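Q: Here you go, sequence then predicted model.
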Amino acid sequence: MYRILVYIGAALLLLGAFAFGVSLWEGPTAWHTDVRTFWGIPISLFVLWIGLAHAGTLISAIFLALGYPLGRRTSMVAELSTLCSLAVAALFPLVHLGIIENFYMVVPFLDARGNFSNLRSPLVWDFCCISVYGLVSLLFFATHLFSEKFPDLKKLIRPMAWLLFPLVLWVHTIVSLDFAVTFVPQWRGAFFPLYFIAGAIYSGLALVIILLTAEHCRVRVLEKLMLGLSWFMAFFWLWEFLLKGSFSFEVVFLGAVVPQLMWLRVIRENAFGRLLVAFSVLVSLGLERYILVTPSEYNAAEYFSWTDLGLVSFSLGLFTTLFFVFRAKFSSLLEGEDVVMGEIVLQQDESDKESEKVSLPEKNDFSILRLPLLLGVLVTLLYVVWAISVENTNLAPLSVVNVVPLCLPLLVLVASFTLCARPLWGISGKRVKVVCAVLAGILGCLAGAFWAGGSSDVPSGAVSVQEIDSTKTAEFIWSSRCAGCHGQDGKFNEKFVREFYPLPQKLTPVRLDTLGEDSLVKVILDGRVNMNPYRGRVSEDEARGLVRYMRHLAGEGE
Amino acid sequence: MDRREFIKACSVVALMQVLWGCRRLPDLSGAKVPEIAEFEREVRLALSRAKGAFDLVQVPMPGPLEVHGASPVNRFGMAIDLDACDGCGKCILACMQENNIPLSSKGERDAGRFMHWIEMHGGAPAMCFHCGNAPCEKVCPTGAASHTPDGLSTMMYKRCTGSRFCGANCPVGARKFNYVDSVKEGLARKFNPEVPLRSKGVMEKCSLCLQRLQDHKHAQMATRPGVEWRGSGLKTACSEACPKNAIIFGNWLDQDSPLVQEAKHRNLYVPREIANLDPSVVYMRGRR
């Protein structure tokens, strides 16, 4: 079963990989954009996948933090889906960039030349929040995965869940600010953070329901939550319609009407019925993201190019492959242990009732959070003070408000690593330790490279285009081609000219201006009266240079 | 050293040389350079596809900038005389030649995009309005879009990552993205050696002829040191090219500047979308 899914995923991945490669090579022209749409499909996919990445932590961490523990398998599946979706989501902003190798400039840290990224931009907040979210989710997943084997880790799970809980909401709020702080009329609305969080959780729940169906089990509470959220989304869509008059039939039908089928017992009790509803929700949310990111007046759905579809297929394939490969890997790795995510048992009964393997720690267990939190607050304070006092190239100095979005992620990052570092270090094997040390070394090198900054040379292509305005070239051509009659200084070689021709007009700036550059170029190229045509001997560029040189000579004469 | 080692060393050297050779970028000296007539043709095409007119609202005369570190004596800007302008498009061509703006590829034209920094909106030219409180600069993640003390909204091309956030956030769509490599495609021509050609993946827009301002300032510093530079007597490429003298460049804070002299007696307008953003470029219409 999993093998088939991996093959399907790989097939989709291969189909999409071509589109992905073209997008990397061609840059933003590869997918559909138009006059008003600068972003296109990669950002839609990013928003969709980052939303899907929220369900895992929501289901696992928030339920745990609030004292509603789910079965271990449910939470592990959800957490793994978070990590895989994050990996997919993180690719798309990179694909989206015009100059991919410059992405590091977004990191909010100073370099040796005084360049500092612009902390007013939601993109910087985005970058930081998502990297921190990825790291902390990985840590949480590792803690959770190994907690069966090493019971010492169990007491870390709930404090970690409490650290992740606000971070999840924070991250998607920041993603919504990418849109909500702009001046694009379609993206404005103070309700955007709530709208995005609801949408993220909604789509994430649909994804987890699909993955759980693949595990042959179901968790009723998630289905109830999804049904509840469909009403939330319907409400937000209504709000948006009343506010901006924008409305998409497909989105509302698939996202708000189809899920109501869950009220029917026939659909609810059938695995295919649940899959149908969950997929309809995913399609609806995906379409909604696409329409949102495309603010032009056209009907967005008509403008999918093959690369757009290829990128969608790529993201689906990558997620499916990653998820099921890791899932198989972990279940075999930990086989023989008590309950890991691996057991493939048909369980059509309610998993809610499945006994809770996660033992809830006592209240005083939170005392281990004290030191990490203190450290996190200190580091965050230091960073804020440093960031607003640093001398940067941007004109306006930062205010505290600009740094606020980075505070929580930084705090959580420091706190969770302080919390987990020692216990995890204690249980990890020698090889893991070496890998960690090497990674730290690489990180140090990268920080050094960042501090040094990239090259500031002008791209070499720019020099090679011929420069027509060179006075020197014009002077050279003038003396070789024109000076014979017109004189080295433009005042005629009178001795020679008088013998053969009537004396031409004097070269004055006024006369040059009345004739105009273009017509003089024409005279040089095609000739006039006694003037010989020079086409073939002088290129159009050179002729133009000569006209400018004539102006130069005439100006000097006065 | 035995034979095997010798051959190994040789092959390593050869490999290094091959790698070293790969480092070189392809030679582009043979790249096609477009004719000037092609630029003229493209301007005519752009004129035929002019965009809709802005919804204009009246504003007072721009005052000193309200950003940190702004110069108290200089704020450069322009006024476009809607009564005089007949939409001939000479400013677009002049701008292309001054700033080395590349032609658009066929695909770009079909998508409705030109690289022109000046575009016709309802028969009147519109370029970047150089808002004092610019929305594009706020969202630029790297700080590539920033403000100069004398009121120019500028771009640092080397610092741009091409996230296109600024373009999405510009209410009037003044920002242009280099979707194609114009040098390689033979679409770019270096008319003006003082302005660099932009690479693929970089945002660009009207710079208010920054290079002219810079040269003027340096020239004055060299010839008349100690005199405060107010940019008097300077013109941008578009204002120089306008046959009707409908584009007037100047310093909003200099009472003797032709800009202030003219704008004093006129009603000033800006597009409704940016009316609150303190733009430095305005439209003039009617006498007061």
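A: On my side now, so go ahead.

Q: residues near residue A:404, how many?
A: 12 (other C-beta atoms under 10 Å in any protein chain shown). (C-beta placed from N, C-alpha, C; glycine too.)

Q: Over to residue A:450?
A: 16.

Q: What residue in chain A is the furthest from its centre?
A: residue A:499 (75.6 Å; C-alpha atoms, centre = their mean).

Q: What strand or helix carries that one?
A: helix A:494-500 (DSSP states H and E).

Q: Just the mean pLDDT for that helix, thanks.
A: Regarding helix A:494-500, the rounded mean pLDDT is 70.

Q: Stretch A:217-228 too?
A: Mean predicted lDDT for stretch A:217-228 stands at 86.

Q: Need the phi and psi values for whichever residue of the stretch 151-288 of chain B sits closest to chain A.
A: Nearest residue of the stretch 151-288 of chain B to chain A, counting by C-beta to the nearest C-beta: residue B:162, 1.7 Å away. Main-chain torsions, residue B:162, degrees, to the nearest 10: phi 70, psi 40.

Q: Just list the residues touching it, thanks.
A: Contact analysis of residue B:162 by C-beta atoms under 8 Å, 6 or more residues apart in numbering or on different chains lists A:27-28, A:97-99, A:102, B:177, B:201-203.

Q: and if we set it to 7 Å?
A: A:97-99, B:201-203 (C-beta atoms under 7 Å, 6 or more residues apart in numbering or on different chains).

Q: Of those residues, which is the nearest to residue A:33?
A: Using C-beta to C-beta, residue A:98 is the member of the contacts of residue B:162 that lies nearest residue A:33, at 11.6 Å.

Q: so that closest one makes contact with residue A:26?
A: No - counting by C-beta atoms under 7 Å, residue A:98 does not reach residue A:26; the two are 11.3 Å apart.

Q: the more surrounded of the two?
A: Neighbours per residue (other C-beta under 10 Å) separate residue A:98 from residue A:26, with residue A:98 holding more: 21 against 14.

Q: Now do the contacts for the more buried one.
A: A:27-28, B:161-162, B:164, B:177, B:201-202.

Q: Reformat those as CSV; add secondary structure, pLDDT and distance to residue B:11.
A: Listed next are those as CSV, based on DSSP: H, G, I helix; E, B strand; the rest coil; pLDDT from 0 to 100; distance: C-beta to C-beta, whole Å:
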residue, secondary structure, pLDDT, distance to residue B:11
A:27, helix, 85, 37
A:28, helix, 86, 42
B:161, coil, 91, 40
B:162, coil, 91, 40
B:164, coil, 91, 46
B:177, strand, 92, 46
B:201, coil, 89, 38
B:202, coil, 92, 41
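
Q: With distance to residue B:183 as extra columns, can I get the residues you listed in JSON lines?
A: Supplementary listing: these in JSON lines, determined by distance: C-beta to C-beta, whole Å:
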{"residue": "A:27", "distance to residue B:183": "14"}
{"residue": "A:28", "distance to residue B:183": "18"}
{"residue": "B:161", "distance to residue B:183": "20"}
{"residue": "B:162", "distance to residue B:183": "16"}
{"residue": "B:164", "distance to residue B:183": "21"}
{"residue": "B:177", "distance to residue B:183": "16"}
{"residue": "B:201", "distance to residue B:183": "13"}
{"residue": "B:202", "distance to residue B:183": "12"}
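
Q: Residues contacting stretch B:207-226, please?
A: Contacts of stretch B:207-226 (C-beta under 7 Å, 6+ apart): B:76, B:98-99, B:130, B:152, B:154, B:194-195, B:227, B:229, B:231, B:234, B:236-237.

Q: and if you look at stretch B:105-116?
A: A:29, A:33-35, B:46, B:92, B:96, B:101-102, B:104, B:176, B:179-180, B:185, B:187.

Q: Out of those residues, list just those in helices.
A: B:46, B:92, B:96 (DSSP state H).

Q: Could you count how many residues lie near the residue nearest to residue B:151 when sequence neighbours are not counted?
A: Leaving aside its chain neighbours, residue B:151 sits nearest to residue B:75 (3.9 Å; criterion: C-beta to C-beta, 6 or more residues apart in numbering or on different chains). Residue B:75 has 25 neighbouring residues, counting by other C-beta under 10 Å.

Q: Kindly report the same for residue A:288.
A: Neighbours of residue A:288 using other C-beta under 10 Å come to 24.

Q: ok, the residue of the stretch 201-350 of chain A at minimum distance from chain B to residue B:128 distance?
A: Nearest to chain B in the stretch 201-350 of chain A, going by C-beta to the nearest C-beta, is residue A:295, at a distance of 7.7 Å. Per C-beta to C-beta, to the nearest Å, residue A:295 is found 20 Å from residue B:128.

Q: excluding its backbone neighbours, what's nearest the spatially most central residue of chain A?
A: Residue closest to the average C-alpha location in chain A (C-alpha atoms, centre = their mean): residue A:93, at 2.1 Å. With sequence-adjacent residues excluded and distances taken as C-beta to C-beta, 6+ apart, residue A:93 is closest to residue A:46, at 5.5 Å.

Q: which residues does that neighbour contact?
A: With C-beta under 7 Å, 6+ apart, residue A:46 has these contacts: A:89, A:92-93.

Q: out of these, which one sits closest to chain B?
A: residue A:93 (8.0 Å).

Q: so, in contact with chain A or not, the helix or strand hosting residue B:6?
A: Residue B:6 belongs to helix B:3-22 when elements are defined using DSSP H and E. No - judged by C-beta under 7 Å from any C-beta of the partner chain, helix B:3-22 and chain A are separated, with a smallest distance of 15.0 Å.

Q: Least confident secondary structure element in chain A?
A: helix A:461-464 (a mean of 44; mean pLDDT, DSSP states H and E).

Q: Next secondary structure after it?
A: Downstream of helix A:461-464 (by DSSP H and E), the next one is helix A:471-477.

Q: For whichever helix or strand comes after that following helix, the averaged confidence score.
A: Using DSSP H and E, the helix or strand that follows helix A:471-477 in sequence is helix A:483-486. For helix A:483-486, the mean pLDDT works out to 79.

Q: any idea of the pLDDT on whichever residue of chain A sits closest to chain B?
A: Proximity of chain A to chain B (C-beta to the nearest C-beta) peaks at residue A:98, 1.7 Å away. Per-residue pLDDT puts residue A:98 at 88.

Q: How about residue A:355?
A: 42.

Q: ok, back up a step: so for residue A:295 and residue B:128, which residue has more residues nearby?
A: residue B:128 (25 against 20).

Q: what sits against the more buried one?
A: B:153, B:174, B:205-206.

Q: now these as TSV including neighbour count and pLDDT?
A: Output for these, formatted as TSV (neighbours: other C-beta atoms under 10 Å in any protein chain shown; pLDDT from 0 to 100):
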residue	neighbour count	pLDDT
B:153	26	92
B:174	23	91
B:205	23	94
B:206	26	94
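
Q: Which single one of the residues you listed is nearest to residue A:128?
A: For those, with residue A:128 as the reference and C-beta to C-beta as the criterion, the closest is residue B:153, at 26.0 Å.
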